[in-house]
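A.B. asks: Pasted the sequence and its predicted model underneath.
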Amino acid sequence: MGKFLGAVALVVVVLLGISLWRASDLPSPYLDVPEVEAPNYDTAAIAQHLSQSVQMRTISWSPTADTEGDAFLAFHGWLAETYPNAHSALSRETVNDYSLLYRWEGKDASKAPVGFLGHMDVVPIEPGTEGTWTHPPFDGVIADGFVWGRGSLDDKSTVVLVMEAVERLAAEGFQPEQDIYLAFGHDEEIGGQRGAVKIAELLASRGVQFDWILDEGLTILEGFLDFIDGPMAVVGLAEKGFLTLELVARDSGGHSSTPRADTAVSKLARAVERVQSNPFPIEIDEADAANLRAIAGEMPFMQRVAAANLWLFGPLVKSSLSEPAYSAAQYRTTTAATVFNGGSKENILPQEARALINFRIHPRNTIEEIVARTKQLVGGDIEVSIYAKPNNPPAPSDINGAAYGLITASLGDAFGPIAAAPSLVVGATDSRFYAGVTKETFRFPPIVMSLEQFSGFHGTNERVAVDSLGRSVAFYERMIRRASGSETLQ
Ligand SMILES: [Zn+2]
């Protein structure tokens, strides 16, 4: 017995030793570069441009509504007027009437092109909330150090900041090594079928194959993690897929005075409950572990030891990730019963009931897998079919690849030694439609914001801080220069 306890103690000591050693060998999330002064750019002028862009009401109402073309055409005209050097250096074409595709011809046609994506449309203001805005949502007011209004973050900031960078470079006569495309869709907020889908089809028909594309996504967040000092750049290397399943239950009808054991409604209720109460488990796969590892070096001691030793503490870490909902959504395919319809009158036995369940698919899962799992959970009596157009999650980009290195290097150039880490975007972006025409995809607009501002996406008081806009433009400029192999700071 003594020998046994001794052996157990030895194993514990060895495990502890390995754990501590691994925990001390984690990379720092802070970029290893010196402090950088904000560039001497005219941020008031950049803010003015963003303000003007907000004032054009390029609203996407619904997938079945017509595009409000005049607002988009006004936006196109405004871009040409505001960025004259960019418009003489790049060619521009409209795609499906209202989306824009720019091409900046590179010096070396044999090099794979790269692309910057954004969208010009915005979501409407939720009826009844107009009066709760500090400044009217489409006035583009600049006050208290912010540009206020719908689209100031999502996603006119991306379009404007990319154009500012291109304008600066074009004005000095810069020409990139490889072709650079700018692709601005006009219906991202209602699914991208009229804009991004058409642009990607056009590029595919021309045989364009990007080395990488950069789209909207996560941003530079202040106060995102309590163990990180200062703002943290969160770069989306992957995004979730999308699937809605329709469940249909049927039963013979009749009068409610003589019911059988079940109705279509009660059958459906049980089926929905089975799906909702059997969520996909939280897992930490290789990509998730790499994302955790990127920030683990700054975690408090116990968390750091656990994150560095998932082989030992995996179950513990998984259970700690199940709350809050945002963190759980990073590590599993989510399940949300969103619509439930059945029955028409209190005394009629319903013959049919329908429900919709929305899944956001983690990159490790597939549509086929979810359909099969759902069918198994609800049993043969319930019909399960795919509702609307689903998409599998695109393949994640490489955390060790050259393109991610280009992003972090450009971040260091523009923002200095801030923290940067990769992540999974739980929403969907236009970039998913480009999966067939690009090697890698990154989702990251370089905009500094507080967590409260981050919640302004699609919400009230959407706004962007003026003081870091110069750094944001510098980031895009550095990306373009570095992609061309020009690494000297200018
Ligand atoms: Zn957006």
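C.D. replies: Cool, got the structure. Numbers count the residues shown, from 1 in each chain.

A.B. asks: wait, is residue 45 part of a helix?
C.D. replies: Yes: secondary structure assignment places residue 45 in a helix (DSSP: H, G, I helix; E, B strand; the rest coil).

A.B. asks: what about it, neighbour count?
C.D. replies: 12 (other CB atoms under 10 Å). Quick note: C-beta positions are derived from backbone N, CA and C, even for glycine.

A.B. asks: for residue 152, same thing?
C.D. replies: Neighbours of residue 152 (other CB under 10 Å): 29.

A.B. asks: now swap in the one 10 residues further on and tell me
C.D. replies: Residue 162 has 27 neighbours, counted by other CB under 10 Å.

A.B. asks: so where is the protein shaky, pLDDT-wise?
C.D. replies: 1, 487-490 (pLDDT under 70).

A.B. asks: If we use 50, what do you get?
C.D. replies: Per-residue confidence for the chain (pLDDT under 50) gives these ranges: 489-490.

A.B. asks: Pop the domain breakdown of it in here.
C.D. replies: Under automatic domain parsing, the residue ranges defining each domain of the chain are 43-238+394-483, 241-280+333-391.

A.B. asks: any idea how far the shortest one is from the chain center?
C.D. replies: Average the C-alpha atoms of domain 241-280+333-391, do the same for its chain, and the two points are 28 Å apart (CA atoms, centre = their mean, to the nearest Å).

A.B. asks: can you pull out the strands in the stretch 201-350 of the chain?
C.D. replies: Here the stretch 201-350 of the chain has its strands, by DSSP state E, counting those that start in this stretch, at 210-215, 220-222, 232-239, 241-250, 254-255, 334-342, 348-349.

A.B. asks: how close does the residue nearest the centre of the chain get to residue 447?
C.D. replies: In the chain, the centroid-proximal residue (CA atoms, centre = their mean) is residue 217; its distance is 3.4 Å. Distance, residue 217 to residue 447, using CB to CB, to the nearest Å: 11 Å.

A.B. asks: do residue 422 as well
C.D. replies: Per CB to CB, residue 422 is found 17 Å from residue 447.

A.B. asks: Could you do residue 341 as well?
C.D. replies: From residue 341 to residue 447 the distance is 40 Å (CB to CB).

A.B. asks: the more surrounded of those two?
C.D. replies: Set residue 341 next to residue 447 and count neighbours by other CB under 10 Å: residue 447 wins out with 23 against 13.

A.B. asks: The closest residue to residue 238 other than its chain neighbours - how many residues pack around it?
C.D. replies: Distances taken as CB to CB, 6 or more residues apart in numbering place residue 396 nearest to residue 238, at 3.6 Å, with adjacent residues excluded. Applying the criterion other CB under 10 Å, we find 21 residues in the vicinity of residue 396.

A.B. asks: contacting residues around residue 396?
C.D. replies: Contacts for residue 396 (CB atoms under 8 Å, 6 or more residues apart in numbering) come out as 237-238, 287, 363, 424.
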